[in-house]
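Enquirer: what's the 3D shape of this:
(one chain, ligands or ions: 2)
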Amino acid sequence: MPALNNAQIALPAVRPRTSAAASIHYVSSAFISAPTVHVSVLLVFICMLRRAWIRTPKIRNLAAIVDFSVLPLGHQQDVRNYAAWQLFSMARHRLVFHRVPACIATACPLTLKPVGGASPDLPIRTLNTVDNTSTSHQASCFSGYGAILGGYPGGRISWPAGVSRGTSAFRMPPTTSLRGAHCWSRHTRVPWRKQQTNTMAAMRYLNAKLAQQIDEELMSAAGAFSLDQLMELAGLACAQTLATVYNKEKYPRVLVCCGPGNQGGDGLVAARHLGMFGYKPTIWMPKPGSKDIYKRLQQQCTNMKIQILEPSQDTQSLRTALTSSDVILDAIFGFSFKPPVRAPFDAALPLIAQSGLPIVSVDVPSGWNVDLGKVDDLALNPDVLVSLTAPKEGVRQFKGRHFLGGRFVPKTLEEKFQLNLPEYPGISQIVELPRADESGDSQKL
Ligand SMILES: NC(=O)C1=CN([C@@H]2O[C@H](COP(=O)(O)OP(=O)(O)OC[C@H]3O[C@@H](n4cnc5c(N)ncnc54)[C@H](OP(=O)(O)O)[C@@H]3O)[C@@H](O)[C@H]2O)[C@H](O)CC1
Ligand SMILES: [K+]
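Expert: Ligands and ions are numbered 1, 2, ... in the order given. Model prediction:
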C-alpha cells in the first residue's frame, strides 16, 4: 500500500476488468500520512467481482455500503468517486454511500467524475447523513440487495456480523438488511469512534414533558425564537410533507383540520403554503384559538382565498367537506393533548377516520397519547406523520411514512438535549425517517 503525503491521494488507475479470471480482491486501499497530525490511515475497500460472477442472477442486485466516515475530509470525494467508478464499472450494481458528510454530498450529489475513467451513468443513492437511523432507512431502500464492503482505519478491518475477512461481499436477506446495516455499525471498531458518539447515537424520542420543555427553551431569552417563526417553519414542513407524498394533480383538495392550540396554528400556516404550492385547501377549525396569532394566520389564509369553514360545535360542515376532499391534514392535537378526547373533536375524529381519505398527521396522530401511543379507539390512524423538532415517545410504533420537520433546532439545543437529529437533505424542510419495523434500537430517555 503506498504511503502518501497529505496533499494527495494516489488511487491506482485500475481500469474495469473484463476478464472472468479474477475472483474477489481488493482494489484500493490508500494511506494518508499527515506530518503535523497524528497519522491517519485511509483505507478504501473496494471489492471487484468477476463480471461473470456478478452477473449471475444470484447476486445481480448487489448493493455496497461504503463507509466514508473513516476518511479524512479532503480526500473523501476522490475516494468516493473512485469507489463508485470501480463498483459500477466492474459490477454494475447499486451503491449506498454510508455516512457521507453533507459537504461531500452537496459538492458531489448524484453525479460522478471518476478518477481516471469515464463517468458511469448509473443510479446512485447517497446517504447524506451521519446517523444509524438513516442508515437503516437507506438500507431499506435496498432491501433484497445487499453486500457491504468495508475498510477501516489503522489497517484493521471489521466486518459485519457473519462476514469474515476475505468474504468481502455477502448477501443480506431482504428482511434483515436493516439489521445488517445496524450490526455493521455496532460491531465496527473504529478507533476514534468515541469521538463520534453523537453521530453514532440514535435519535432521541421525546415524552410530552420534554417536548414542552424544548418548546419553551426555543422561545426563551436564550433560544430567542418567537412563536411565529417556529410555527412558520413547522407549518412549512407539514405542507412539504403532504406535497411530497400526495401530489397536487391527484390530490388537489386538502382538508386542513385545525385544533385550538399551536398545532392548529401549524395547520393554518400549512394551508397557506399548500395554497402557494397550487393545492386547494379548505380549513376546518371548530374552536379557533383566541390568540392574536391565530387571527392573523386566518387572515393570511383568507387573503389567499382559502375557504375557512364557519366554526361550529356540530360536525355537519366537516361531513360535507370530507366528501369533497382528497387528503386530510390532521393538525388537531399535538404534544399538549390530554386524553380523553372532548367535544367537538370526539365526534369529529371518527368521521375523519371513517372517511377513507389519506391522512397526514402533524407531530402526533390526533387522539394518540403523546407518551403511550394509540391507546384510544377514537384515535386517528394516519398514513403519514410529520414529527416536529423530534419524534414523540408515543409514535415509536407508527407504521406509516414518517418525516421529521421543524428545521429550526439550533446546535446548542440539539446537543444539550442529546437529540441526535438526522441531517436534513439539502435545502429541504423535512427528512424521512425509517419506518417503525425498520428502525433499530433508539434511545429511550
Ligand atoms: N417546538 C416545536 O416542536 C413546536 C411545535 N409546534 C406545534 O405546537 C404543538 C403543541 O402546541 P400546544 O399549543 O402546546 O398544544 P396542542 O396544539 O397540542 O393543543 C393543545 C390544546 O388542545 C386542546 N386539548 C387538549 N386535550 C384535549 C382533549 N382531550 N380534548 C379536546 N381538546 C383538547 C386544549 O385546548 P382547550 O381549548 O380545550 O383547552 C389544549 O389547549 C406541537 O405539537 C406542534 O404541532 C409549534 O407550532 C412550533 C414549535
Ligand atoms: K395531530
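Enquirer: Glu217: what's it in contact with?
Expert: Gly223, Leu413 (CB atoms under 8 Å, 6 or more residues apart in numbering). From N, CA and C alone the C-beta is placed, and that goes for glycine too.
Enquirer: Ok, Leu419 next?
Expert: By CB under 8 Å, 6+ apart, the neighbours of Leu419 are Met203, Arg204, Thr389, Ala390, Val409, Leu413.
Enquirer: any idea how far it is from Phe337?
Expert: Counting by CB to CB, to the nearest Å, the separation of Leu419 from Phe337 is 21 Å.
Enquirer: before we move on, back to that, which one of the contacts of Leu419 sits closest to ligand 1?
Expert: When those are ranked by distance to ligand 1 (CB to the nearest ligand atom), Thr389 comes first, at 3.6 Å.
Enquirer: Distance-wise, check the closest one relative to Gln263.
Expert: Counting by CB to CB, the gap from Thr389 to Gln263 is 12 Å.
Enquirer: before we move on, what about His402?
Expert: 17 Å.
Enquirer: Looking at those two, which is more packed in?
Expert: Gln263 (27 against 23; other CB atoms under 10 Å).
Enquirer: these two touch, right, the more buried one and Val370?
Expert: No. Counting by CB atoms under 8 Å, Gln263 stays clear of Val370, with 11.5 Å between them.
Enquirer: and the closest residue to ligand 2 within the stretch 101-250 of the chain, which of the three is it?
Expert: Closest residue of the stretch 101-250 of the chain to ligand 2, CB to the ion: Cys238 (9.6 Å). With DSSP: H, G, I helix; E, B strand; the rest coil as the basis, Cys238 sits in helix.
Enquirer: Pull the number of nearby residues for it.
Expert: Neighbour tally, Cys238, other CB under 10 Å: 33.
Enquirer: That one contacts Ile328, correct?
Expert: No. If you go by CB under 8 Å, Cys238 and Ile328 don't touch, sitting 11.9 Å apart.
Enquirer: shared neighbours, the two?
Expert: In contact with both Cys238 and Ile328: Val360, using CB under 8 Å, 6+ apart.
Enquirer: which residues of the stretch 151-300 of the chain score low on pLDDT?
Expert: Along the stretch 151-300 of the chain, segments meeting pLDDT under 70 span 151-201.
Enquirer: Please name the residues that touch the closest residue to ligand 1 within it.
Expert: Residue nearest to ligand 1 within the stretch 151-300 of the chain (CB to the nearest ligand atom): Gly261, separated by 2.2 Å. Counting by CB under 8 Å, 6+ apart, Gly261 touches Gly289, Phe333, Gly334, Ser336.
Enquirer: Swap in 7 Å and give it another go.
Expert: Gly289, Gly334, Ser336 (CB atoms under 7 Å, 6 or more residues apart in numbering).
Enquirer: do the same with Leu236
Expert: Val269, His273, Gln429.
Enquirer: State the helix or strand in which the first one lies.
Expert: In this structure, Val269 is located in helix 262-277 according to DSSP states H and E.
Enquirer: So that helix, near ligand 2 or not?
Expert: No. If you take CB under 5 Å from the ion as the test, helix 262-277 misses ligand 2, and the best it gets is 5.8 Å.
Enquirer: Point out the other elements, helices or strands, that whatever helix or strand comes next after that helix touches.
Expert: As assigned by DSSP H and E, the chain's next helix or strand after helix 262-277 is strand 280-284. Here strand 280-284 touches strand 253-258, helix 262-277, strand 307-308, helix 316-323, going by 3 or more CB pairs under 7 Å, 6 or more residues apart in numbering; DSSP states H and E.
Enquirer: Next, format the ones you listed as JSON lines and append distance to Pro382.
Expert: Below are those laid out as JSON lines (distance: least, CB to CB, whole Å):
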{"stretch": "strand 253-258", "distance to Pro382": "11"}
{"stretch": "helix 262-277", "distance to Pro382": "14"}
{"stretch": "strand 307-308", "distance to Pro382": "23"}
{"stretch": "helix 316-323", "distance to Pro382": "15"}
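Enquirer: residue of the stretch 151-300 of the chain with the smallest distance to ligand 2?
Expert: Ligand 2 sits closest to Gln263 of the stretch 151-300 of the chain, with a gap of 5.8 Å, by CB to the ion.
Enquirer: one step back: identify the residues contacting the helix holding Val269?
Expert: Against helix 262-277 from outside (CB under 7 Å, 6+ apart): 231-232, 234-236, 238-239, 242-243, 248, 254, 256-258, 281, 283, 285, 289, 293-294, 297-298, 300-301, 304, 306, 329, 331-334, 362-363.
Enquirer: ok so, going back, phi and psi next, for the residue of the stretch 151-300 of the chain closest to ligand 1.
Expert: With angles defined as degrees, to the nearest 10, Gly261 sits at phi -100, psi -160.
Enquirer: now swap in Leu230 and tell me
Expert: The phi/psi pair for Leu230 (degrees, to the nearest 10) is phi -60, psi -40.
Enquirer: List the residues that contact whatever residue of the stretch 201-350 of the chain ends up closest to ligand 2.
Expert: Closest approach between the stretch 201-350 of the chain and ligand 2, counting by CB to the ion: Asp330, at 4.6 Å. Asp330 makes contact with Cys257, Ile359, Val360, Ser361, Val362, Pro365, Ser366, Leu380, Pro382, according to CB under 7 Å, 6+ apart.
Enquirer: so which of those residues also contact ligand 1?
Expert: Among the contacts of Asp330, the residues lying close to ligand 1 (CB under 6 Å from any ligand atom) are Val362.
Enquirer: Would you format the contacts of Asp330 as JSON lines with secondary structure included?
Expert: As requested, the contacts of Asp330 are exported to JSON lines (three-state DSSP):
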{"residue": "Cys257", "secondary structure": "strand"}
{"residue": "Ile359", "secondary structure": "strand"}
{"residue": "Val360", "secondary structure": "strand"}
{"residue": "Ser361", "secondary structure": "strand"}
{"residue": "Val362", "secondary structure": "strand"}
{"residue": "Pro365", "secondary structure": "coil"}
{"residue": "Ser366", "secondary structure": "coil"}
{"residue": "Leu380", "secondary structure": "coil"}
{"residue": "Pro382", "secondary structure": "coil"}
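Enquirer: In a markdown table, list the contacts of Asp330 along with neighbour count.
Expert: Supplementary listing: the contacts of Asp330 in a markdown table, determined by neighbours: other CB atoms under 10 Å:
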| residue | neighbour count |
| --- | --- |
| Cys257 | 30 |
| Ile359 | 23 |
| Val360 | 29 |
| Ser361 | 32 |
| Val362 | 33 |
| Pro365 | 25 |
| Ser366 | 27 |
| Leu380 | 22 |
| Pro382 | 27 |
